[in-house]
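J.: the amino acid sequence is not available; the structure is as follows:
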């Protein structure tokens, strides 16, 4: 383990993140909301802290091992979540505790969208912008952005990329990792701009359209209003959201290939994308029919409203409209269960990812066939490609640990006094980076105890790093030479 190299890169990453405080400062100056100095002092503290970490290790080796990459990624998410809370801690408008500030910060960076704030409509514009902006930065991964920048500072990015990028299959769309990271961020930025324009022309203000484009493409769920999309009650805004939530739930490598080749063939050839769209359409139709059975209302407005509700929850975005609070029981729980599937690998969505669920089902079906034909050799395939046994073993291992972590966190919450529905939905909403839950967390998480919030903050980071990246550092073998 190259401790000095790890500390050096952590320092560089913090100094890089301090630059991210500049846009909220500009927003504060434009709106004159009296939060300028809160962000300015926070930016200085973050930069100085990064500098103090970097200086003693400035001459450390730049070549990283895979273990170093895991340590840097895990430490950075914990350290960054703490430092990113500084503007909220220093804000006179919020007046929230350190626990609440860190919870909000973790929720933003992990694109979960669970909030402890009340009266969001009355908050300063710079704070509203900052919350959405944190989700946008965390969406594709700050580390992936850093991979594109750090080589200019003499730091290689391969091990960071391997440790940060989620999913069972790493998509490398260009020969060089740094080029891959750059192109992913170009695609990410382009989609954000298009989404923002869509919201603006659909009826949002410029400020709201920018903020919501951040959280939509990041599949985050934060909003500038307590009522989320229910504030607008606009079918065109919800339609724009549906389109871009689906786009953000697809593998971003496919968007790059479609742009590069000027063809949609990349989407057609991808089995996971087809399955993702099919599942989303199925859930939307089921939601529409279920609500029609309850209300007997079936028109264009209701179809769009119900589809938005279904897509938002099942893709782990977490935006809400009036429908989210109108129904209890079957439908909300069904949509939360589908959030366990989430989006495609290589997307900004949470959940276990569609490709893992496909492979789990195919592997399960293969075992059923083997009961009938014990000596048969059956390959698990996705499309025409056979999946190697090592990948299947990894996915089963992921699923086993995922279930173990889920129920461990849920039992801890129940031990603290929360009821089953609240505990189940809170863990599902945090480990899948969904946001809204049921029971006591249907509106927000402000009524939970500090212990509950720390537990759920850990759950959000575990979900964002997809279990293995975080838990691997707790294994004894990781620390053996």
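T.: On my side now, so go ahead. Computed from a predicted structure; not experimentally measured.

J.: shaky segments in the stretch 151-300 of the chain?
T.: The stretch 151-300 of the chain contains residues with pLDDT under 70 at 151-178.

J.: quick one, helices of it?
T.: 158-164, 177-202, 206-217, 235-248, 252-261, 265-268, 271-295, 300-314 (DSSP state H, counting those that start in this stretch).

J.: just name the most buried of those.
T.: Neighbour counts (mean count of other Cβ atoms under 10 Å) averaged over each of the helices of the stretch 151-300 of the chain peak at helix 206-217, with a mean of 24. Every C-beta, even on glycine, is put in place using the N, C-alpha and C of the backbone.

J.: of all the helices of the stretch 151-300 of the chain, which one comes closest to residue 446?
T.: Nearest to residue 446, of all these, is helix 206-217, at 19.5 Å by Cβ to Cβ.

J.: tell me how far the residue of the chain most remote from its centre lies from residue 369.
T.: Of all residues in the chain, residue 375 has its C-alpha farthest from the mean position, at 42.7 Å, by Cα atoms, centre = their mean. Distance, residue 375 to residue 369, using Cβ to Cβ, to the nearest Å: 12 Å.

J.: is it true that residue 8 touches residue 51?
T.: No: counting by Cβ atoms under 8 Å, residue 8 does not reach residue 51; the two are 11.3 Å apart.

J.: which residue is nearest the centroid of the chain?
T.: Judging by Cα atoms, centre = their mean, the chain has its centre closest to residue 111, at 3.7 Å.

J.: roughly how far apart are that one and residue 317?
T.: According to Cβ to Cβ, residue 111 stands 9 Å off from residue 317.

J.: list the residues that contact both of the two?
T.: Residues touching both residue 111 and residue 317 (Cβ atoms under 8 Å, 6 or more residues apart in numbering): 215, 219, 220, 221.

J.: residues touching residue 109, list them.
T.: 77, 80, 81, 84, 134, 135, 137, 138, 142, 464.

J.: do that again at 10 Å, thanks
T.: Taking Cβ atoms under 10 Å, 6 or more residues apart in numbering as the definition of contact, the neighbours of residue 109 are 77, 80-81, 84-85, 134-135, 137-139, 141-142, 218, 220, 460-461, 464.

J.: where does the stretch 351-481 of the chain dip in pLDDT?
T.: Looking at the stretch 351-481 of the chain by pLDDT under 70, you get 481.

J.: relative to the whole chain's centre, how far out is stretch 260-272?
T.: 24 Å (Cα atoms, centre = their mean, to the nearest Å).

J.: to clarify, my last question referred to stretch 79-93.
T.: Distance of stretch 79-93 from its chain centroid, counting by Cα atoms, centre = their mean, is 20 Å.

J.: would you map the strands across the stretch 51-200 of the chain?
T.: Listed in chain order, the stretch 51-200 of the chain contains no strands at all (DSSP state E, counting those that start in this stretch).

J.: what's the answer for the stretch 351-481 of the chain, then?
T.: Using DSSP E, counting those that start in this stretch, strands in the stretch 351-481 of the chain cover 381-382, 385-386.

J.: measure residue 452 to residue 286 for me?
T.: For residue 452 relative to residue 286 (Cβ to Cβ), the value is 32 Å.

J.: and for residue 207?
T.: Distance, residue 207 to residue 286, using Cβ to Cβ: 35 Å.

J.: so what pLDDT did the residue lying closest to residue 324 once chain neighbours are set aside get?
T.: Distances taken as Cβ to Cβ, 6 or more residues apart in numbering place residue 309 nearest to residue 324, at 6.1 Å, with adjacent residues excluded. You'll see residue 309 listed with a pLDDT of 93.

J.: helices of the stretch 301-450 of the chain, start to end?
T.: Counting by DSSP H, counting those that start in this stretch, the helices of the stretch 301-450 of the chain are 322-326, 330-338, 354-372, 389-415, 420-431, 450-464.

J.: quick one: closest of the ones you listed to residue 3.
T.: The nearest among the helices of the stretch 301-450 of the chain, by Cβ to Cβ, is helix 450-464 at 22.0 Å.

J.: got the buried residues for that closest one?
T.: Neighbour-count burial for helix 450-464 flags 452, 453, 455, 456, 457, 458, 459, 460, 461, 462, 463, 464 (criterion: 16 or more other Cβ atoms under 10 Å).

J.: which ones are touching the residue nearest to the centre of the chain?
T.: By Cβ under 10 Å, 6+ apart, the contact set of residue 111 is 134-141, 215, 217-222, 248, 316-318, 348-350, 433-435, 460, 463-464.

J.: who touches the closest residue to residue 226 other than its chain neighbours in this structure?
T.: Nearest residue to residue 226, sequence neighbours excluded (Cβ to Cβ, 6+ apart): residue 120, at 4.8 Å. Going by Cβ under 10 Å, 6+ apart, residue 120 touches 127, 128, 131, 222, 223, 224, 225, 226, 227, 228, 231, 444.

J.: swap in 8 Å and give it another go.
T.: Contacts of residue 120 (Cβ under 8 Å, 6+ apart): 128, 223, 224, 225, 226.

J.: do the same with residue 41
T.: Counting by Cβ under 8 Å, 6+ apart, residue 41 touches 86, 90.

J.: make sure it is indeed in a helix.
T.: Yes: the assignment for residue 41 (DSSP: H, G, I helix; E, B strand; the rest coil) places it in a helix.

J.: so residue 23 touches residue 126, yeah?
T.: No: judged on Cβ under 8 Å, residue 23 makes no contact with residue 126 at a distance of 9.1 Å.

J.: which one's more surrounded, these two?
T.: Each of residue 23 and residue 126 has its neighbours counted (other Cβ atoms under 10 Å); residue 126 has more, 28 against 14.

J.: verify the contact between the more buried one and residue 22 for me.
T.: No: using Cβ under 8 Å, residue 126 makes no contact with residue 22, being 11.5 Å away.

J.: next one: residue 444 from residue 122, what distance?
T.: Distance from residue 444 to residue 122, by Cβ to Cβ: 15 Å.

J.: those two: which is more packed in?
T.: The residue with more neighbours, out of residue 444 and residue 122, is residue 444; 18 against 9, by other Cβ under 10 Å.

J.: do you know how far the more buried one is from residue 113?
T.: From residue 444 over to residue 113 the distance is 10 Å, taken as Cβ to Cβ.

J.: then residue 416?
T.: For residue 416 relative to residue 113 (Cβ to Cβ), the value is 22 Å.

J.: neighbour count for these two, which is higher?
T.: A count of neighbours by other Cβ under 10 Å puts residue 113 above the other of residue 416 and residue 113, at 30 against 13.

J.: which ones are touching the nearest residue to that one once chain neighbours are set aside?
T.: Distances taken as Cβ to Cβ, 6+ apart place residue 221 nearest to residue 113, at 2.6 Å, with adjacent residues excluded. By Cβ under 8 Å, 6+ apart, the contact set of residue 221 is 111-113, 135, 215, 228, 312, 317-319, 434-436.

J.: thanks a lot, see you next time.
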